[in-house]
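Undergrad: Build me a model:
(chains A and B)
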Amino acid sequence: MMLFGEAFDKVARVVGLGYPGGPKVDTLAKQGKPTIDLPKTHFENLDFSFSGIKTAVINLNHKNPNVNKADLCLSFEKAVTEVLIENTKKALKQTGEKTLVLGGGVSANSYIRNEFLKLENVKVYTPDLKLCTDNAAMIASAGYYNYMNNKIDNLELNAIPNLTL
Amino acid sequence: MKDILTLGIESSCDETSVAVVKNGREVLSNVIDTQIPIHEKYGGVVPEIASRNHIEAISRVTKRAIEEAKITFNEIEAITPTYGPGLVGALLVGLSYGKALSYALNKPLVGVNHIEGHIAANYITYKELKPPFICLLISGGNTQIVHVKDYTVFEVLGKTRDDAIRRGF
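TA: Numbers count the residues shown, from 1 in each chain, chains lettered A, B, ... in the order given. Sure, this is the predicted structure:
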């Protein structure tokens, strides 16, 4: 499942890195400097939008094909991470929770992980890298907790492509 | 208390994976058959091709997961396939296979939300971790901030607004 990941894929494609984009952007960004200012979208609530950042990267690369790709990748990572951190801090404050857990394929990104691990006054957990991308062990674990809570299905269960939490 | 083994089945996108996990925390096997090299030349996941590769892989991946866990099918307590979100044709492969196993082995079928799986990856990594906590999920389409109040109780506090654009599969 991709969309934030899709932003990484799209950025990777425009800077000529190919699919899957996440790990390639991650590697190239390590050689870059965060010199490029990208527009960030903010909402009143805790929602996100990354399409503006993504479009800015695409346009910048289009107008200036000689732009330093490593700088562009790191600037992209920095911009999205700032938005993620800002909203996460709000969520912690709003709920009073002191524990933060990262999850999902993009949580394997080393820049994002490191920035979150720098946060103060909160215990931050990042999943084992091997368990960030899709795997059945995490499904079996979630299944165990469903089972223990008597969430059992019958054989009419259907696939739901747009299932939410 | 008796140990409980669950059989996880995952086929929502471009990975065919089957795993045996003990008590939700200890991985006995986690076999992952990735299709990345197949989709690489198209620059992204082709849903139809993904489904066809899942159906080829699912039996052999399951067999290996059972072998690596050094168990028999009868020791499994519940069959737990992903039923969403994801590519519908891809999901149906793992879900149908899970249903068939559930029927044949007479074991309960427990559908799993893939997003809950990404949260649970941390229960495997950190044995001491327990709800409540805040979870930031950044798995592509599912960028969201979730208040995990209990193992099966979630409140979404914020999410990507541009999701719908890509949710038209």
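Undergrad: any idea how chain B splits into domains?
TA: As recorded under automatic domain parsing, the domains making up chain B are B:5-116, B:130-166.
Undergrad: Let me know which of these is the nearest to residue A:96.
TA: domain B:130-166 (9.6 Å; C-beta to C-beta). Every C-beta, even on glycine, is put in place using the N, C-alpha and C of the backbone.
Undergrad: returning to that earlier point: TSV for the domains of chain B, including mean pLDDT?
TA: Below are the domains of chain B laid out as TSV (pLDDT from 0 to 100):
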stretch	mean pLDDT
domain B:5-116	96
domain B:130-166	86
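Undergrad: For residue 15, give me the backbone phi and psi.
TA: Picked chain A for this. phi -90, psi 10 (degrees, to the nearest 10).
Undergrad: Please refer instead to chain B.
TA: With angles defined as degrees, to the nearest 10, residue B:15 sits at phi -120, psi 130.
Undergrad: related to what we said a few turns ago, a markdown table please, covering the domains of chain B and showing mean neighbour count and distance to chain A.
TA: Shown next, in a markdown table, are these (neighbours: other C-beta atoms under 10 Å in any protein chain shown; distance: least, C-beta to the nearest C-beta, whole Å):
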| stretch | mean neighbour count | distance to chain A |
| --- | --- | --- |
| domain B:5-116 | 21 | 2 |
| domain B:130-166 | 20 | 3 |
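Undergrad: May I see the ones you listed organised as JSON lines, with distance to residue A:26 added?
TA: Shown next, in JSON lines, are those (distance: least, C-beta to C-beta, whole Å):
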{"stretch": "domain B:5-116", "distance to residue A:26": "15"}
{"stretch": "domain B:130-166", "distance to residue A:26": "13"}
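Undergrad: Helices along the chain, start to end?
TA: Unless you meant another one, I'm taking chain A. Assigned by DSSP state H, chain A shows helices spanning A:4-14, A:21-29, A:51-63, A:69-95, A:110-117, A:136-148.
Undergrad: my bad, the chain I had in mind was chain B
TA: Under DSSP H, chain B gives helices at B:36-40, B:47-69, B:88-105, B:114-125, B:163-166.
Undergrad: can you list these in TSV and add distance to residue A:110?
TA: As requested, the helices of chain B are arranged in TSV below (distance: least, C-beta to C-beta, whole Å):
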stretch	distance to residue A:110
helix B:36-40	19
helix B:47-69	27
helix B:88-105	28
helix B:114-125	16
helix B:163-166	25
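Undergrad: follow-up on the earlier one: confidence-wise, which of the helices of chain A is weakest overall?
TA: For the helices of chain A, the weakest mean pLDDT is recorded on helix A:4-14, namely a mean of 73.
Undergrad: out of the helices of chain B, which comes closest to residue A:45?
TA: Proximity to residue A:45 (C-beta to C-beta) singles out helix B:163-166 among the helices of chain B, at 14.9 Å.
Undergrad: Please list all residues in contact with residue 30.
TA: Picked chain A for this. Counting by C-beta atoms under 8 Å, 6 or more residues apart in numbering or on different chains, residue A:30 touches A:70, A:74, A:110.
Undergrad: my question was about chain B
TA: A:130, A:135-137, B:17, B:19, B:65 are the contacts of residue B:30 under C-beta under 8 Å, 6+ apart.
Undergrad: of all these, which comes closest to residue B:46?
TA: With C-beta to C-beta as the yardstick, the closest approach to residue B:46 among these comes from residue B:17, at 18.9 Å.
Undergrad: partners of that closest one in the sheet?
TA: Note on residue B:17: beta-bridge partners residue B:10, residue B:32, judged by DSSP bridges.
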